[in-house]
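> The sequence and its predicted three-dimensional model are supplied below.
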Amino acid sequence: MAADSDPESEVFEITDFTTASEWERFVSRVEEVLNDWKLIGNNSSKPPEKGEYTSGTWEEKTQDINFADFKFSVTHHYLKQESEEGEGKEEPEEDAFPTAMQDLLCMNNDFPPRAHCLVRWYGMREFVVISPGANCEAVISESKCNLLLSSISISLANTGCQVPMFVQIQQKWRRMYHGECQGLGVRTDFEMVHLRKVPSQYNHLSGLLDIFKSKIGCPLTPLPPINIAIRFTYVLQDWQQYSWPQQPPDFDALLGGEVGGVEFGKLPFGACEDPISELHLATTWPHLTEGIVVDNDVYSDLDPLQAPHWSVRVRKADSPTCLLGDFLTEFFKLCSKKESTEEILGRGPVEEEGKDDISHALSKLTEPTAVPIPKLSVSNMVHSARKRIRRHRRVDESPLSNDVLNSILLYLFPDAAIDRSSSENSESKNLYNQLKSAPSDSLTYRLALCVCLVNFYHGGVRAVAHLWQEFVLEMRYRWENNYLVYGLASGPPDLRCCLLHQKLQMLNCCIERKRARDDGRKTAEGGKERERGRERKVSGSTGTENGRLGPESAEMGREVSPGKSWDSWSDSEDEFFECLSDTEEMKEAVSTDGEKGGAKVAKPEGRLHPHGKLTLLNSQEPLYIPVTQEPAPMTEDLLEEQSEVLAKLGTSAEGAHLRARMQSACLLSDMESFKAANPGCTLEDFVRWYSPRDYVEEELVDENGDSVVRGDLSARMKIPGNMWMEAWATAKTTPARRQRRLFDDTKEAEKVLHYLAVQKPADLTRHLLPCILHAAILKEKEEESVEDILSVRKAIQQATSHASKLLRHPNPDYKKLEDVITQLIAVETVIARSRSLKAKFGIGKAEQGDDAEDLERCSRAKAARHSGRVAALLAPLDEDTGRGGGADDKKPMGGASVPDFPPPAGREILLRTCVPRPAPYSKALPQRLFCVLMREDFRLAGAFSSDTSFF
């Protein structure tokens, strides 16, 4: 008790009223934001143009502020307008209304279709909204709402800002806003009412006019005229009596194997569902006054067929399912698979077959390979290949049925007797060059389409692995039996195409070389038989000695026989094995030494034709162009590998010398061929043919005064250690047919077949992705040409350009390629929407024009022309009338047989006037009430202005 009575123990609470409270800090922060955004004073501007709210650009700026620990977001919405220089310099009048008040009465942008809800309700082009933060609770209590309204009122007064400010209250889904706008001596309060049901007494224009009049409380009599704008909106969602233009695919035919091979070359197109979810017909009466129209609970003059303005709005379905898009998406998903073909299908038939045949491996190496002559039909070949492939596989284990597999194989490898004319036009050729894919009539392109189809319809990755295994076996079968691969251009691999296409072209090159070599062997065997027959006639049967010499004699006869072209010998007639080459050289040496008592006589070999009128420098013999080996064809991965090997040799003298020798293999072969074709030639002769610019000729005057032409090697050819001189010194006199092969077709073919065999389904998908994108772009171009939509044409060009940049990279970014697929899906959706709209409005091909460029504009342009059609479309919504809009109801507006309209899904009524408020002697200020009446929504958005100077 003593402690309690001690005066020192008493605590005095001191309140410092000079410290700012949280509310004052909040008001100050709002003022700072308004100053930062330069929203101070009245920035007068010209009235907005008609439709500018829809066509113009709306921008917004956002900043976060706090009220204590409660987060708010301040957002400035405004229409970006081009300010004219002359008007921008004019100063606004002192007693001019704020811009927002002028916008309340502007009739140029009533009912804008795409804008912020406050723009639609109040017609303003600039305003500020304060709303709770993203994860904050809504402002519901009345005291908090009043506190926020007081805050913005103080902020507007302190800063002189004339931009209206709103506060979002209640739950966000209700879109409830209260706000205020202040000017010089004037103020506008923005109020709102929101109910779930429409009160019966306010379900018509008459009741809403009563509310408006009572709210403005104008003391004048008679009341100034009230301007009225009305819009009724009808929603069509039921399309049951109208057929959907996209025909569903015939799944039974695809699964049943009844479709011919050509069907595998077609990608599907179009939406599986209607891409148009709703059609909104808006009937508008833009300028009415109170005495002109009657609308109450008993009678209404508002007949939609008599509305002066109609517009149609299209509501699109969110991400409609499209056939081509699904194909591309499912195909792209294969890129992320990691399983190999063996892991998916188990041990392949080649491994099982190898077990039985391993004991005969050596005998197969020594046995001659005979080319089957009687049955060269590709159809027979495919049939036998199919039997061999499925010898060790049970039918129930195969992901692909026999019928489907047969159809695919016949499509990929049609009979060679069927001459298919190439449909590759210049535009398509340019496209595959851009995308680095393959020609649209090539095997690679057809394989991509089949893989895509099999993946989507016949079992996904297992079916793809099965098809790829069959394809690789088919490639090996063709290599072993010398059948060219159908659908590939002849010649070396085209580096403009994808790597898989290059590999298949390389395999075809190997098959061509092997076939030519086998043909040469047959010719050689025929020559042997003829030579033996002649020897038997001359000397009778002399036993084995003539038999041994027969091949030599036949070969010598072939070498000197005129008229034989290089094509008949191909690369060689002796398998190009080194042992055979050495043997031939020994035999030739023996034969040449034995002629004329041992005197060596050089005989020309491997001549193609004379080189113009040129003669050898050391003799008057013509200079002949030799038959040379063709350079080895290479794919882009081999070129890259070769460049890496050469780069690793370094920059030292030894490395540079070794690099030069590696690169001069073709040069050395050509030198040997040239020496064989031109006995007694020199390096100068070779340079005159091979590199004429390195042989410099000069005109000189000799001792007798005659002008003569003398030539010599160029300076670079005389450099010591020149690779050309070294190669010429080491080059032997050997024709091309007896040289070592520059291109080992057996080795290269096995490398290609191994490369194909180890490819996983994901690797195959990455190889074929450019071809699928190529096919998808061609399909969309074909479909767009029917619809003729300019925006779609530009989108296809953009997608093509984007894909071209990505696919040209050695390792393309697959995330960005997914964006390309998304672009193509969007193009397909737009075309499907266009077709859906044309089907709904009955627009034929004769009516296609510029309106198709923009879907919404197309629908608006056709709405007035097909008003009876729209009325018939909307008729099924009226269940009470029991009438349907069939084909006979397509009469124009005013026709007697047009069915009645159903009740509108929504009604919007806009009331405007300008009256003095609150006193008769106050300024005449704009007043506005926007009413929304729907089945489960009733909203009144009012803007009521008052004079703060004369009240």
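Alright, I've got the coordinates. Here the structure is a predicted model, which means the values were calculated and not measured.
> okay, the helix or strand Lys747 falls within in CSV with CA atoms only?
Applying DSSP states H and E as the criterion places Lys747 in helix 745-757. What follows is helix 745-757 as a C-alpha-only set of coordinates in CSV (Å, rounded to 0.1, in the frame of the first residue of the first chain):
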residue,chain,number,x,y,z
ASP,A,745,30.2,-48.1,-100.3
THR,A,746,30.1,-51.3,-98.2
LYS,A,747,31.5,-49.6,-95.1
GLU,A,748,29.4,-46.5,-95.5
ALA,A,749,26.2,-48.5,-96.0
GLU,A,750,26.8,-50.5,-92.8
LYS,A,751,27.5,-47.2,-91.0
VAL,A,752,24.2,-45.8,-92.2
LEU,A,753,22.2,-49.0,-91.3
HIS,A,754,23.8,-49.0,-87.9
TYR,A,755,22.9,-45.4,-87.4
LEU,A,756,19.3,-46.1,-88.3
ALA,A,757,19.1,-49.2,-86.0
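> buried ones in that helix?
By 16 or more other Cβ atoms under 10 Å, the buried positions in helix 745-757 come out as 745, 748-749, 751-753, 755-757. C-beta here means a position set from N, CA and C on the backbone, and glycine is covered the same way.
> same thing with stretch 606-624?
Neighbour-count burial for stretch 606-624, counted by 16+ other Cβ under 10 Å, picks out 606-607, 611, 616, 623-624.
> Can you tell me what sits against that stretch?
Applying Cβ atoms under 8 Å, 6 or more residues apart in numbering, the external contacts of stretch 606-624 come out as 566, 604, 625-627, 673, 676-678, 680-682, 684-685, 688-689, 735-737.
> ok, back up a step: looking at the buried residues of helix 745-757, which is nearest Glu32?
Tyr755 (68.3 Å; Cβ to Cβ).
> circling back to that earlier point, return the subset of the contacts of stretch 606-624 lying in strands.
Among those, the members found in strands (DSSP state E) are 625-626.
> from the contacts of stretch 606-624, which would you call buried?
When the contacts of stretch 606-624 are checked for burial by 16+ other Cβ under 10 Å, the buried set is 566, 604, 625-627, 673, 676-678, 681, 684-685, 688-689, 735-737.
> from what I can see Asn482 touches Ile511, true?
Yes - using Cβ atoms under 8 Å, Asn482 is in contact with Ile511, at 6.2 Å.
> Show me which of these two is the more surrounded one.
Neighbour count, other Cβ atoms under 10 Å: between Asn482 and Ile511, Ile511 has more, with 21 against 18.
> Pretty sure that one sits against Tyr486.
No - with contact defined as Cβ under 8 Å, Ile511 does not reach Tyr486; the gap is 11.4 Å.
> Following element in sequence after the longest strand seen in the chain, please.
Ranked by number of residues, the top strand in the chain under DSSP E is strand 276-289. Helices and strands here follow DSSP H and E; after strand 276-289, the next one along the chain is strand 309-316.
> Could you count how many residues lie near Tyr457?
Counted with other Cβ under 10 Å, Tyr457 comes out at 16.
> meant to ask about Cys931
By other Cβ under 10 Å, the residues close to Cys931 number 24.
> in the sheet, who's paired with it?
Beta-bridge pairing of Cys931 under DSSP bridges involves Ile909, Leu940.
> Next one: it relative to Ser714, how far apart?
95 Å (Cβ to Cβ, to the nearest Å).
> list the contacts for the nearest residue to Leu447 once chain neighbours are set aside?
Nearest residue to Leu447, sequence neighbours excluded (Cβ to Cβ, 6 or more residues apart in numbering): Leu412, at 6.3 Å. Residues in contact with Leu412 (Cβ under 8 Å, 6+ apart) are 443, 446-447, 450, 471, 487.
> Which one of these is nearest to Ala632?
Checking the contacts of Leu412 against Ala632 by Cβ to Cβ gives Leu443 as the nearest, at 22.6 Å.
> now the nearest residue to that closest one once chain neighbours are set aside, what's its secondary structure?
Computed as Cβ to Cβ, 6+ apart, the closest residue to Leu443 that is not its neighbour in sequence is Gly487, at 3.5 Å. Assigned state for Gly487: coil (three-state reduction, DSSP: H, G, I helix; E, B strand; the rest coil).
> Tell me how far Gly487 lies from Asn406.
For Gly487, the distance to Asn406 - Cβ to Cβ - is 18 Å.
> From the neighbour counts alone, determine which of those two ranks first.
Neighbour tally, Gly487 and Asn406, criterion other Cβ under 10 Å: the higher count belongs to Gly487, 20 against 16.
> Tell me who's in contact with the more buried one.
Contacts of Gly487 were listed using Cβ under 8 Å, 6+ apart, and they are 412, 441-444, 446.
> and those residues, which two are the farthest apart?
So, the contacts of Gly487 by Cβ to Cβ: farthest apart are Leu412 and Asp441, at 12.5 Å.
> tell me the domain ranges of the chain?
Split into domains by the TED database, the chain comes to 22-42+51-80+96-195, 322-343+399-418+429-523+752-841, 607-734.
> Kindly check the end-to-end length of the longest one for me.
Spelled out, it's domain 322-343+399-418+429-523+752-841. Start and end residues of domain 322-343+399-418+429-523+752-841 are separated by 22 Å (Cα to Cα, to the nearest Å).
> do you know how far the residue nearest to Leu447 is from Ala775?
For Leu412 relative to Ala775 (Cβ to Cβ), the value is 15 Å.
> low pLDDT regions in the stretch 401-550 of the chain?
Low-confidence segments of the stretch 401-550 of the chain, defined by pLDDT under 70: 415-429, 524-525, 527-550.
> now do 90
In the predicted model, the stretch 401-550 of the chain carries pLDDT under 90 at residues 401-443, 445-446, 450-467, 469-470, 473-474, 477-499, 505-506, 508-550.
> tell me, what residue is most central in this protein?
Val820 (3.3 Å; Cα atoms, centre = their mean).
> Grab the nearest non-local neighbour of it.
That would be Ala803: by Cβ to Cβ, 6+ apart, it lies 4.7 Å from Val820.
> neighbours around that neighbour, how many?
29.
> I'd like the distance from the host helix or strand of it to the chain centre, please.
Assigned by DSSP H and E, Ala803 belongs to helix 790-807. With Cα atoms, centre = their mean, to the nearest Å as the basis, helix 790-807 stands 7 Å off its chain's centre.
> Ok, stretch 707-718 next?
58 Å.
> Endpoints of that stretch, how far apart?
Stretch 707-718: ends 26 Å apart by Cα to Cα.
> Stretch 446-466 now?
So stretch 446-466: terminal residues 16 Å apart, Cα to Cα.
> Name the residues that touch it?
So stretch 446-466 is contacted by 251, 254-255, 264-267, 326-327, 330-331, 334, 337, 339, 341, 344-345, 398-401, 404-405, 408, 411-412, 438, 467-468, 471, 487, 761, 764-765, 768, 771-772, 775 (Cβ under 8 Å, 6+ apart).
> Try it again at 7 Å.
254, 264-265, 267, 327, 330-331, 334, 337, 341, 344-345, 398-400, 404, 408, 411-412, 467, 471, 487, 761, 764, 768, 771-772, 775 (Cβ atoms under 7 Å, 6 or more residues apart in numbering).
> again, but for stretch 321-334
With Cβ under 7 Å, 6+ apart, stretch 321-334 has contacts from 249, 267-273, 452, 455-456, 461, 464, 761-762, 765, 772, 776, 779, 818, 821, 824-825, 828-829, 832.
> wait, Glu828 sits on Glu780?
Yes - with contact defined as Cβ atoms under 7 Å, Glu828 counts as touching Glu780 (6.4 Å).
> quick one, what contacts the closest residue to Asp712 other than its chain neighbours?
Setting aside the residues directly before and after it, Asp712 is nearest to Val696 in space (Cβ to Cβ, 6+ apart), at 5.9 Å. Val696 makes contacts with 711-712, 714, as judged by Cβ under 7 Å, 6+ apart.
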